[in-house]
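K.L.:
no FASTA, just this:
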């Protein structure tokens with residue numbers, strides 16, 4: 001890969017996640033200025049799930065068949081830039097919601113498109129992709145640190161986050177048209193509904209352990225929705241300064257544990273990795289329930305930092321587990337199917353559940369009984385963990401040493 005292409009792809013990844021992190025983290029706090037209820041807060045965050053559900057159709061029916069991926073990426077980000085700027089002119093939730101829904105429908109497909117553009121230029125993605133993808137994590141961190149450094153939460157100027165993200169979206173839209181050509185991969189081929197949502201991989205669910213993992217993945221997204229939807233609002237309510245900047249510690253932790261994951265795999269294997277990820281979810285919400293901005297401030301920070309274990313140990317491990325189990329023929333379909341089920345269906349359910357629960361424990365115009373609220377996702381995560389430990393048994397036929405039953409051999413990736 002040439003230096004020019006590497007630089008462009010790195011800039012693409014940085015801007016892609018800078019845009020998302022630039023407004024999504026503080027959305028719940030911003031919605032207070034629109035007099036949105038907690039239920040409406042959950043509904044607004046559910047637009048991410050609707051975007052994830054619709055995204056495969058945009059990519060599968062348009063980018064894969066008719067137009068180059070970088071051109072579709074450019075058009076979507078230019079439309080997204082206009083929508084983000086328009087959102088800043090709206091002063092009520094009723095007008096804001098359809099705009100942000102439209103934005104997420106055009107943004108979520110770009111997550112797959114940036115990967116397609118990057119992979120097309122690589123001879124060895126396993127070595128070349130991580131150094132480029134990590135720029136996305138850095139972009140998300142920079143967005144959060146910028147918001148905290150400029151004090152937009154404290155000064156009630158979060159409307160500027162949409163203008164910042166809209167400007168970055170404009171830059172990425174223009175940059176996209178200069179990216180290396182990525183022609184449609186399935187031009188002239190017939191694409192079915194099953195192809196688009198990954199139904200070819202549904203046979204994996206016949207494996208009882210994978211079915212357990214699949215259902216656990218969907219269920220664990222319910223407490224995940226609580227974290228994404230209400231953490232920034234919670235931290236600001238309890239008095240944490242520059243909360244968005246502090247939340248970027250979660251992405252720093254995610255980066256660190258991503259680097260260390262190969263070492264953990266060798267020593268722990270799949271089941272223990274997945275289980276530890278879910279244990280971290282329970283601990284995180286207990287820390288949030290009993291943390292505060294005074295004597296137990298460390299609990300708030302620890303809850304944020306645990307994001308690295310929560311995400312990497314469960315979701316990244318799950319992606320690797322799925323990849324191994326699916327085999328070469330169904331890898332892409334399996335990854336698409338699990339993504340649709342988690343970030344689509346699971347997060348959608350979580351968003352619609354979390355809002356009413358937070359609303360139920362409202363104690364004033366700008367206050368909630370956060371201890372009661374956070375114990376709910378802690379309980380859900382604990383229940384999912386318990387069922388997972390009971391029913392998941394990571395087995396497959398492998399060659400073993402004499403005297404060892406192949407069916408009893410555990411996969412250790």
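P.N.:
On my side now, so go ahead. Everything quoted here is computed from the prediction, not taken from an experiment. Residues are numbered from 1 along each chain as shown.

K.L.:
tell me the contacts of the nearest residue to residue 358 once chain neighbours are set aside?
P.N.:
Leaving aside its chain neighbours, residue 358 sits nearest to residue 38 (4.1 Å; criterion: Cβ to Cβ, 6 or more residues apart in numbering). Quick note: C-beta positions are derived from backbone N, CA and C, even for glycine. Contact partners of residue 38, counting by Cβ atoms under 8 Å, 6 or more residues apart in numbering, are 230, 355-356, 358-359, 362, 368.

K.L.:
would you turn the residues you listed into CSV with distance to residue 307, neighbour count and pLDDT?
P.N.:
Converted to CSV, these look like this (distance: Cβ to Cβ, whole Å; neighbours: other Cβ atoms under 10 Å; pLDDT from 0 to 100):
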residue, distance to residue 307, neighbour count, pLDDT
230, 14, 27, 92
355, 21, 26, 90
356, 25, 12, 93
358, 20, 27, 93
359, 25, 16, 91
362, 26, 14, 90
368, 21, 20, 92
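
K.L.:
can you give me the helices in the stretch 51-200 of the chain?
P.N.:
Taking DSSP state H, counting those that start in this stretch as the test, the helices found in the stretch 51-200 of the chain are 69-87, 93-120, 125-150, 159-176, 193-197.

K.L.:
nearest to residue 245, of these?
P.N.:
helix 125-150 (2.2 Å; Cβ to Cβ).

K.L.:
mind listing what's buried along that closest one?
P.N.:
Neighbour-count burial for helix 125-150, counted by 16 or more other Cβ atoms under 10 Å, picks out 128-129, 132-148, 150.

K.L.:
ditto for stretch 367-375
P.N.:
By 16+ other Cβ under 10 Å, the buried positions in stretch 367-375 come out as 368, 370, 373-375.

K.L.:
in a markdown table: the helices of the stretch 51-200 of the chain, plus mean pLDDT.
P.N.:
Listed next are the helices of the stretch 51-200 of the chain as a markdown table, based on pLDDT from 0 to 100:
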| stretch | mean pLDDT |
| --- | --- |
| helix 69-87 | 94 |
| helix 93-120 | 90 |
| helix 125-150 | 86 |
| helix 159-176 | 97 |
| helix 193-197 | 57 |
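
K.L.:
of all these, which one is nearest residue 296?
P.N.:
helix 125-150 (20.8 Å).

K.L.:
so what secondary structure elements neighbour that closest one?
P.N.:
helix 3-23, helix 93-120, helix 159-176, helix 243-290 (3 or more Cβ pairs under 8 Å, 6 or more residues apart in numbering; DSSP states H and E).

K.L.:
that helix to helix 243-290, inter-axis angle?
P.N.:
Angle of helix 125-150 versus helix 243-290, following axes from the mean of the first three to the mean of the last three Cα atoms, to 10 degrees, is 90 degrees.

K.L.:
helix 125-150 vs helix 159-176, what angle?
P.N.:
Using the same axes, to 10 degrees: helix 125-150 against helix 159-176 is 150 degrees.

K.L.:
how distant is helix 125-150 from the center of its chain?
P.N.:
Counting by Cα atoms, centre = their mean, to the nearest Å, helix 125-150 is centred 14 Å from the centre of its parent chain.

K.L.:
stretch 114-129: end-to-end distance?
P.N.:
11 Å (Cα to Cα, to the nearest Å).

K.L.:
now do it: distance to the chain's middle.
P.N.:
Relative to its chain's centre, stretch 114-129 lies at 20 Å (Cα atoms, centre = their mean).

K.L.:
and the contacts of that stretch?
P.N.:
1, 5, 9, 12-13, 16, 59, 63, 69-70, 73, 132-133, 179-180, 182, 185.

K.L.:
so how do I select the buried members of the residues you listed in PyMOL?
P.N.:
In PyMOL syntax, the buried subset of those is picked out as below (16+ other Cβ under 10 Å):
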select buried, resi 9+12+13+16+59+63+69+70+73+132+133+179+180+182
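
K.L.:
between the contacts of residue 38, which is closest to residue 96?
P.N.:
residue 355 (15.3 Å).

K.L.:
for the closest one, give me its contacts.
P.N.:
37-43, 229.

K.L.:
same thing but 6 Å
P.N.:
38-39, 41-42 (Cβ atoms under 6 Å, 6 or more residues apart in numbering).

K.L.:
distance check, the residue positioned nearest the centre of the chain against residue 256.
P.N.:
In the chain, the centroid-proximal residue (Cα atoms, centre = their mean) is residue 343; its distance is 7.0 Å. Note on residue 343: its distance to residue 256, by Cβ to Cβ, to the nearest Å, is 23 Å.

K.L.:
cool, and residue 13?
P.N.:
With distances taken as Cβ to Cβ, residue 13 is found 18 Å from residue 256.

K.L.:
next: residue 279.
P.N.:
Counting by Cβ to Cβ, the separation of residue 279 from residue 256 is 18 Å.
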